[in-house]
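Trainee: Sequence plus the predicted model coming up.
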Amino acid sequence: MAELTEEQSQVAQEEDSEIGSPTVIVDDLHIVYKVYGAASESEKGNAANALMRVLRRQGRPQMKEVHAVKGVSFVARHGEAIGIIGRNGSGKSTLLRAIAGLLPPHKGAVYTDGQPSLLGVNAALMKELTGERNIVLGCYAMGMSPAEVQAKYDEIVDFSGIGEFVQFPMSTYSSGMGARLRFAISSAKTHDVLLIDEALATGDRDFKRKSQERIMQMRESAGTVFLVAHNLDVIEETCNRVIWLHKGKIKMEGDPQEVLEAYNKA
Ligand SMILES: Nc1ncnc2c1ncn2[C@@H]1O[C@H](COP(=O)(O)OP(=O)(O)OP(=O)(O)O)[C@@H](O)[C@H]1O
């Protein structure tokens, strides 16, 4: 391997001191889903076949593979907020779930420093329980002690802005209220790596501003934040780097303004 020149290593050191050491290394990552019971190529779009199969109660023993992430590599560092953009089905959520350790790599690897936490639109809070109970259980699930939960409780309720609804079951919340509570709970703890999947999409303008401020704070406390969003304004205002995924591969990566400009033109 080639040695760095004195000048190169000085530049690397300067960059390191600005954004910190690596938190996530994604190395030639491939994720493949296996779908059982999928239609074969010859059956595609054939209504008569589909109807016959249902009437005859025939199963679909075929197994198909969906290659969702195809050889993605990058390094994320302490203090970075990385936006992931791309069209529907380009592999954004799959990549986040793989970083969170929820999907095994088909090939390649993900190395993380610390425990990544995934905050998704469907993060596992229990709908039949009240907001109150979900706050307590959610905080325990993130490894907080009872004393820490007590100390953070009011701040979480306040940040979520759900007011007296905290005493109601979450099944009575609007999707925006649920998203706010999830974000308030997840961001009450300092995460080494926080993965946010579209969770800010359902909040109103005020909540978006508050959550962006909180993401900034998390970056300052030297964590790494990944943000998947179709709202490009949120990405531009919050992130210092953007990764553009296209059909499971990185199409472009770098400065938010440059990548977003290219993405908007495509
Ligand atoms: N559980 C699954 N089983 C099989 N295929 C899946 C599964 N989840 C996602 N896929 C497929 O993987 C590909 C990438 O999906 P993914 O949800 O990661 O895309 P995305 O960029 O997050 O999309 P969106 O913007 O619509 O949320 C798509 O082709 C999708 O159909």
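Mentor: In hand now; what should we look at?
Trainee: was I right about His208 contacting Thr238?
Mentor: Actually, residue 208 is Lys. It isn't His. No: with contact defined as C-beta atoms under 8 Å, Lys208 and Thr238 do not form a contacting pair (9.6 Å). For glycine as for every other residue, the C-beta is placed from the backbone atoms N, C-alpha and C.
Trainee: so Ala262 touches Val242, yeah?
Mentor: No: judged on C-beta under 8 Å, Ala262 makes no contact with Val242 at a distance of 9.8 Å.
Trainee: between these two, who's got more neighbours?
Mentor: Val242 (25 against 14; other C-beta atoms under 10 Å).
Trainee: My reading is that that one is in a helix; is that accurate?
Mentor: No: counting by DSSP: H, G, I helix; E, B strand; the rest coil, Val242 is not part of a helix but strand.
Trainee: OK, contacts around it?
Mentor: Contact analysis of Val242 by C-beta atoms under 8 Å, 6 or more residues apart in numbering lists 82-85, 235, 253-256, 259-260.
Trainee: please redo it, this time with the cut-off set to 7 Å
Mentor: 83, 85, 235, 256, 259-260 (C-beta atoms under 7 Å, 6 or more residues apart in numbering).
Trainee: which bits of the stretch 1-150 of the chain sit near the ligand?
Mentor: 33, 35, 66, 68, 86, 88-94 (C-beta under 6 Å from any ligand atom).
Trainee: Among the contacts of Val242, which ones are in helices?
Mentor: Members of the contacts of Val242 lying in helices (criterion: DSSP state H): 235, 256, 259-260.
Trainee: biggest separation within the residues you listed, which pair?
Mentor: The most widely separated members of these, counting by C-beta to C-beta, are Ile235 and Val259 (9.1 Å).
Trainee: okay, the nearest residue to Pro105 once chain neighbours are set aside: pLDDT?
Mentor: Distance criterion C-beta to C-beta, 6 or more residues apart in numbering; nearest residue to Pro105, sequence neighbours excluded, is Leu29 at 5.6 Å. Reported pLDDT at Leu29 in the predicted model: 97.
Trainee: same deal with Asp233?
Mentor: So, for Asp233, pLDDT stands at 86.
Trainee: Check whether it sits in a helix, strand or coil.
Mentor: If you use three-state DSSP, then Asp233 falls in the helix class.
Trainee: So what touches the helix or strand containing Leu137?
Mentor: Leu137 belongs to helix 131-141 when assigned by DSSP states H and E. Helix 131-141 is contacted by residues 125-126, 149, 152-153, 156, 162, 165-168, 170, 181, 185, 188 when judged by C-beta under 7 Å, 6+ apart.
Trainee: Tell me which entries of the residues of the stretch 1-150 of the chain next to the ligand lie within helices.
Mentor: 92-94.
Trainee: just these: which has the poorest pLDDT?
Mentor: Lowest pLDDT among those: Ser93, 92.
Trainee: coming back round to it: run a quick neighbour tally on the residue nearest to Pro105.
Mentor: Leu29: 25 neighbours (other C-beta under 10 Å).
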